[in-house]
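My questions concern the predicted model and sequence given below.
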Amino acid sequence: MDFLTDWITDWLKGLLIDGIMGNLEGLFDTVNTQVGEIAVQVGTTPAAWNAGVFSLIRQLSETVILPIAGLILTFVATYELIQMLIDRNNLHDDVCCKRCISSTSNTTYSQLICGKMK
């Protein structure tokens, strides 16, 4: 009787092992195929993937975004230039007024800065 149970056990083990190995071999083949397809899709350029959307985005970038960016940069550069000129002129006026005060004058430097000159 032990011979019959050992034979049935071995037969079931072999059947299960063959079935599981067959399923896993197919699974890995499918995964490898899908990875290869994904690699091809990821490697495509935007123009090759969807030319219409790519050309629309490119056209918007060239006709809308670049001029707006140019205006913003021009505004910032002009503002900084004006600030530099104002700072330079204020410093220059301050030095000139300090030199113009004579030692015999009753006007002090602090009166010039505050605007209380009489």
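Sure, I can see it.

What count of nearby residues applies to L15?
10 (other C-beta atoms under 10 Å). (Glycine included, C-beta is placed from N, CA and C.)

C-terminal to the helix or strand harbouring it, what's the next element?
Assigned by DSSP states H and E, L15 belongs to helix 2-42. Next along the chain after helix 2-42, taking DSSP H and E as the criterion, comes helix 46-49.

Tell me which other helices or strands that next one touches.
helix 51-60 (3 or more C-beta pairs under 8 Å, 6 or more residues apart in numbering; DSSP states H and E).

change it to 6 Å
Using 3 or more C-beta pairs under 6 Å, 6 or more residues apart in numbering; DSSP states H and E as the contact test, no helix or strand touches helix 46-49.

Averaged pLDDT, it. What do you get?
What helix 46-49 shows for mean pLDDT is 81.

thinking again about what came up before, the helix holding L15 - contacts with which helices or strands?
Short answer (3+ C-beta pairs under 6 Å, 6+ apart): helix 2-42 packs on no helix or strand.
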